[in-house]
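Colleague: For reference, the sequence and a predicted model appear below.
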Amino acid sequence: MSAPLAGVRVLLTHPARTSDQLEPLLRADGADVVCAPLIEITAAPDAAALQTAVDAADDADWVVFSSVNGVEAFARMRDAPLRPGTFIAAVGRATASAVDVKLGRPADLVPSRPDAEGLAEELVGRAHERARIAVFVALDAGPALVQRLRTAGLRVDAAVAYATRAVAHRDLARSVAGADIIVLTSGSGARALAEGLALEPGLEALAGKAVVCIGPVTAAAASGAGIAVTAVACDPSPHALREAIRSCARR
């Protein structure tokens, strides 16, 4: 049986990370993978505030992570395990895996709908009335998670765990021109792609290309930036992204 992505060039735009499983999955499928990171993860703008929030996490009933990057930032600043009575919620399987590896314990809640709204709804159902929730998010995170928890009467302390910034890529136009499928894994990455193509050659460079997004939030950001989205992964995991990429290759 031939490799499902043989002869297909896939452009990955997310930051390189040692925990990234997508690239080897695609190469095993026969894809020609090109990596052109359009954003990079940077430290939280207020390290002291983050350290205070990390140190105070034992006072929370729930510690909530909305991304792998949030888990990693928390783990770097935490010098002791969380107390047994504090529960952990992770937005999806990849984030839950990071909790297991970086914090040495499994997540207590991983929602069936792996996005901010799904996480908020299930957490509201699990947390007791007036529970204290410590949330670790990106600087540019949307307000849906925190707003929903506060609306439900939960006491929420939100801390910025990290930020992102666009990375200038001198060969972006050439990389896009040579790609069949472009993968976006964050709203900031989608915006960076649009901005990188804005002047030369413009978003027309994406004509005929398939654009695959890791989830609906990223897809909405891509659409808002003028990028037509071809497919959205069913959950924010490398395996689901691979399936979405395969579906595009079969069209």
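Modeller: Looks like it came in fine. This is a predicted model, so every value here is computed, not measured.
Colleague: now Cys248: how far from Ala96?
Modeller: Going from Cys248 to Ala96 by Cβ to Cβ, to the nearest Å gives 27 Å. C-beta: built from backbone N, CA, C; applies to glycine.
Colleague: Tell me which of these two has more neighbours.
Modeller: Between Cys248 and Ala96, Ala96 has the larger neighbour count (other Cβ atoms under 10 Å), namely 23 against 20.
Colleague: Need the mean per-residue confidence for the helix or strand harbouring the more buried one.
Modeller: In this structure, Ala96 sits in helix 93-103 according to DSSP states H and E. Mean pLDDT, computed over helix 93-103, is 93.
Colleague: what element comes up after it heading to the C-terminus?
Modeller: helix 116-126.
Colleague: Can you report how many residues lie near Ala43?
Modeller: Ala43: 13 surrounding residues under other Cβ under 10 Å.
Colleague: gap between Leu22 and Ala75?
Modeller: For Leu22, the distance to Ala75 equals 22 Å [Cβ to Cβ].
Colleague: Which parts of this structure are strands?
Modeller: Taking DSSP state E as the criterion, the chain carries its strands at 9-12, 32-35, 39-43, 62-65, 87-90, 132-138, 155-166, 181-184, 210-213, 231-232.
Colleague: gap between stretch 186-203 and the chain center?
Modeller: Relative to the centre of its chain, stretch 186-203 is centred 18 Å away, using Cα atoms, centre = their mean, to the nearest Å.
Colleague: buried sites along that stretch?
Modeller: Neighbour counts over stretch 186-203 (16 or more other Cβ atoms under 10 Å) mark 186-194, 196-197 as buried.
Colleague: Export these as TSV, with columns for distance to Thr230.
Modeller: Output for the buried residues of stretch 186-203, formatted as TSV (distance: Cβ to Cβ, whole Å):
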residue	distance to Thr230
Ser186	17
Gly187	17
Ser188	20
Gly189	16
Ala190	13
Arg191	18
Ala192	19
Leu193	14
Ala194	16
Gly196	19
Leu197	17
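Colleague: Quick check, pLDDT for the closest residue to Ala144 other than its chain neighbours.
Modeller: The spatially closest residue to Ala144, leaving aside those adjacent along the chain, is Ala116, at 4.5 Å (Cβ to Cβ, 6 or more residues apart in numbering). Note on Ala116: pLDDT of 88.
Colleague: Repeat that for Thr18.
Modeller: Thr18 is given a pLDDT of 47.
Colleague: And His14, by the same measure?
Modeller: In this model, His14 is scored at 89, pLDDT.
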